[in-house]
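Asker: Just a sequence and a predicted model for now, questions to come.
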Amino acid sequence: MKRPGFTKAASAAGLAVAMLALSGCLTLGPDYERPELPLPDQYVKASSAGAETVQDDWWKLFEDRELDALVAEALAANQDLAEAAARVDEARARAGVAQADRLPQISAGASGARDQFSEATAQFPPGVPLEMDTYRGTVNLSFELDFWGRLARLSEAARAELLASVEGRRHVRLAVIAETVSAYFDLLALDRQLAIAAATLESRQEAVRLQRLRFDAGTISGLDLAQAEAELAATEAAVPFRQRALRQTEDRMAVLLGRIGGEIARADDGDTSPETGALYALRVPEIPVGLPSQLLARRPDLAAAEQRLIASNARIGVARAAFFPTIALTGYSGSESDELSGLFKSGTSIWGIAAGLLQPIFQGGKAIRGVEIAEARRRQSLAGYAKSVQVAFADVEDALIARSTGTTERQALERQVEALTRARRLANLRYEAGDSSYLDLLDAERGLFRAQLEWVAARRAELGAAVLLFKALGGGWEAPAASTS
């Protein structure tokens with residue numbers, strides 16, 4: 001013969017299992033579909049042959065061991081990266097909380113009480129004491145039945161936000177690498193310009209010494225001496241300017257490396273000529289012909305923007321679920337006794353199970369406004385995603401044109417330096433022979449000095465364009481497959 005209590009418990013358990021099976025059978029809100037955006041098939045400005053595959057360690061293609069060590073240090077100690085990693089940990093924990101809300105919540109409870117009842121109102125039979133002890137121990141269960149998919153959509157949104165934070169960390173990592181490489185190139189360029197300025201300063205100091213001897217001997221006028229001294233002063237001013245810029249760049253790079261001040265190690269062979277040295281020894285990889293637009297899928301900022309769009313899309317379902325009732329299942333099982341020592345004896349067991357429903361009736365339009373807010377936020381995310389794609393294409397186009405025109409500019413300045421070097425030598429010969437004025441020689445020297453500095457700047461810009469391209473493409477690309485036709 002079945003015990004009545006067991007029959008009731010079994011029926012309640014069966015009801016719970018049935019409701020659990022029905023939970024989540026309906027998910028409100030739109031399922032995510034990637035928006036259609038007009039994208040070109042390829043970048044028309046990419047036009048180099050001999051391209052190679054470039055992976056995430058793209059900075060190694062410049063073939064500079066000092067640079068490799070600095071990037072490794074930045075990746076290990078940069079505080080922006082540490083902050084981004086902490087944001088990922090936070091998002092992962094939030095996603096875990098959202099997932100845990102979909103599971104039954106089980107807790108244990110224990111209580112003890114002593115009650116004194118009134119002699120005037122108590123309905124106890126004679127002889128029953130008015131003071132009573134009660135001890136209870138229970139295991140409690142609560143579970144929200146996710147009929148409308150509210151918790152499922154919350155979990156979907158939390159997971160998308162986690163993925164967005166992961167992509168955000170990748171974006172910070174790429175930015176830190178690009179900034180470190182760019183700062184390193186700035187240091188090499190400033191080193192080279194400072195070497196040029198120092199060599200030019202030494203030459204003009206010697207020129208002033210000779211002009212002063214000639215003036216004292218009466219072979220030149222005071223005008224020639226004054227012009228030489230003025231040119232020396234102008235060159236002297238160019239040295240501290242670059243020394244200051246060099247120190248500021250080292251400080252900027254120290255922050256990237258997670259340091260507090262200090263010098264930055266870099267390639268230095270002691271070469272003071274403008275056209276050789278570490279800045280010109282760096283190798284730049286070739287760019288594939290017609291880079292396909294699908295390469296933008298590598299960009300972490302675009303991936304993060306899409307994940308934010310997915311999250312906002314899921315929250316529309318959360319908002320729509322507010323129109324429907326919340327159904328909760330609760331239950332407990334345990335033991336109750338008037339003596340602590342008898343808490344788990346036979347006949348002290350207790351249990352209970354209940355289902356509750358809460359249906360909003362009037363909230364002053366709160367649920368409608370919630371849906372409107374969620375849909376507006378989705379439109380914001382969609383606009384942000386579309387703009388991110390537009391900016392990404394502009395970044396790549398700008399980097400490609402800077403890469404191609406930068407090389408042309410550097411080559412032109414290289415030819416200018418060669419021509420001005422010859423012009424300076426000829427001007428010096430003509431001046432020594434008395435066939436031209438000292439002003440002609442100064443013009444030639446001034447033009448050569450300026451062209452040398454601009455040549456270094458153009459080489460720095462050429463390298464910087466490569467860095468911008470790596471960053472714009474999310475850190476690299478795959479070389480196009482060779483044709484078999």
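Answerer: Nice, I can see it.

Asker: Which helix or strand lies directly C-terminal to the helix or strand that contains residue 415?
Answerer: Following DSSP states H and E, the helix or strand that holds residue 415 is helix 366-432. Remark: after helix 366-432, the chain's next helix or strand is helix 438-472, criterion DSSP H and E.

Asker: Pull out the buried residues from that next one.
Answerer: 438, 440-442, 444-449, 451-472 (16 or more other Cβ atoms under 10 Å). (C-beta placed from N, C-alpha, C; glycine too.)

Asker: Counting by contacts, list what the helix or strand encompassing residue 158 packs against.
Answerer: Assessed by DSSP H and E, residue 158 sits inside helix 150-217. With contacts defined as 3 or more Cβ pairs under 8 Å, 6 or more residues apart in numbering; DSSP states H and E, the packing partners of helix 150-217 are helix 65-77, helix 79-100, helix 222-256, helix 278-281, helix 300-320, helix 438-472.

Asker: how about those helices in TSV, adding mean pLDDT?
Answerer: Formatted as TSV, those follow (pLDDT from 0 to 100):
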stretch	mean pLDDT
helix 65-77	93
helix 79-100	92
helix 222-256	90
helix 278-281	82
helix 300-320	91
helix 438-472	90
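
Asker: among these, which is the most enclosed?
Answerer: Greatest average neighbour count among the helices and strands packed on helix 150-217 goes to helix 300-320 (a mean of 23), per mean count of other Cβ atoms under 10 Å.

Asker: So for the next helix or strand after it, mean pLDDT?
Answerer: Where DSSP H and E defines the elements, the next helix or strand beyond helix 300-320 is strand 326-337. Averaged over strand 326-337, pLDDT sits at 80.

Asker: How about stretch 399-416?
Answerer: The pLDDT scores in stretch 399-416 average 90.

Asker: so what pLDDT did residue 349 get?
Answerer: Note on residue 349: pLDDT of 79.

Asker: doesn't residue 332 make contact with it?
Answerer: No: using Cβ atoms under 8 Å, residue 349 is not in contact with residue 332; the gap is 11.2 Å.

Asker: These two: who's more crowded?
Answerer: Legend: neighbour count by other Cβ atoms under 10 Å for residue 349 and residue 332, higher for residue 332 (18 against 13).

Asker: close enough to count as contact, that one and residue 136?
Answerer: No: counting by Cβ under 8 Å, residue 136 is not a contact partner of residue 332; they are 9.6 Å apart.

Asker: Mutual contacts of those two, please.
Answerer: 109, 350 (Cβ atoms under 8 Å, 6 or more residues apart in numbering).

Asker: So what are the sheet partners of the lengthiest strand in the chain and their directions?
Answerer: Using DSSP state E to define each element, the chain has its longest strand at strand 131-145. The pairing partners recorded for strand 131-145 under DSSP bridges are strand 105-116 (antiparallel), strand 326-337 (antiparallel).

Asker: Identify whichever of the ones you listed lies nearest to residue 212.
Answerer: Closest approach to residue 212 among the strands paired with strand 131-145 is made by strand 105-116 (92.5 Å; Cβ to Cβ).

Asker: Can you give the domain ranges for the chain?
Answerer: Domain assignment for the chain, taken from automatic domain parsing, gives 29-102+149-324+366-472, 105-117+125-145+325-358.

Asker: Show me how far the shortest one is from its chain's centre.
Answerer: Put simply, domain 105-117+125-145+325-358 sits 52 Å off its chain's centre (Cα atoms, centre = their mean, to the nearest Å).

Asker: cool, the longest one as well?
Answerer: The offset between the C-alpha centroid of domain 29-102+149-324+366-472 and the centroid of the whole chain comes to 16 Å, using Cα atoms, centre = their mean.

Asker: thinking again about what came up before, which positions in the longest strand of the chain come out as buried?
Answerer: So for strand 131-145, counting by 16+ other Cβ under 10 Å, buried means 135-138, 141, 143-145.

Asker: Out of these, flag the one nearest to residue 37.
Answerer: For the buried residues of strand 131-145, the minimum distance to residue 37 (Cβ to Cβ) is 38.0 Å, reached by residue 144.

Asker: got a list of what the closest residue in space to residue 204 that isn't next to it in sequence touches?
Answerer: With sequence-adjacent residues excluded and distances taken as Cβ to Cβ, 6 or more residues apart in numbering, residue 204 is closest to residue 232, at 4.5 Å. Neighbouring residues of residue 232 by Cβ under 8 Å, 6+ apart: 201, 204-205, 207-208.

Asker: Show me which of these are buried.
Answerer: With burial judged by 16+ other Cβ under 10 Å, the buried subset of the contacts of residue 232 is 201, 204, 207-208.

Asker: Any idea how many residues pack against the residue nearest to residue 250 when sequence neighbours are not counted?
Answerer: Spatial nearest neighbour of residue 250, chain neighbours left out: residue 264 (5.0 Å); criterion: Cβ to Cβ, 6+ apart. As a burial measure, residue 264 scores 19 neighbours (other Cβ under 10 Å).

Asker: Thought residue 251 was touching residue 264, still the case?
Answerer: No: look at residue 264 against residue 251 with Cβ under 8 Å: they stay out of range, at 9.4 Å.

Asker: how close does residue 231 sit to residue 449?
Answerer: Separation of residue 231 from residue 449 (Cβ to Cβ, to the nearest Å): 9 Å.

Asker: now swap in residue 258 and tell me
Answerer: Residue 258 is 38 Å from residue 449, by Cβ to Cβ.

Asker: Likewise for residue 358?
Answerer: Taking Cβ to Cβ, one finds residue 358 at 81 Å from residue 449.

Asker: hang on, the earlier thing: any idea how far residue 463 is from the residue nearest to residue 204?
Answerer: Distance, residue 232 to residue 463, by Cβ to Cβ: 32 Å.

Asker: next one: residue 334
Answerer: When distance is defined by Cβ to Cβ, residue 334 is 73 Å away from residue 463.

Asker: Just give the number of residues close to residue 262.
Answerer: The number of residues packed near residue 262 is 11, by other Cβ under 10 Å.

Asker: Give the closest residue to it in space, chain neighbours not counted.
Answerer: residue 254 (5.8 Å).
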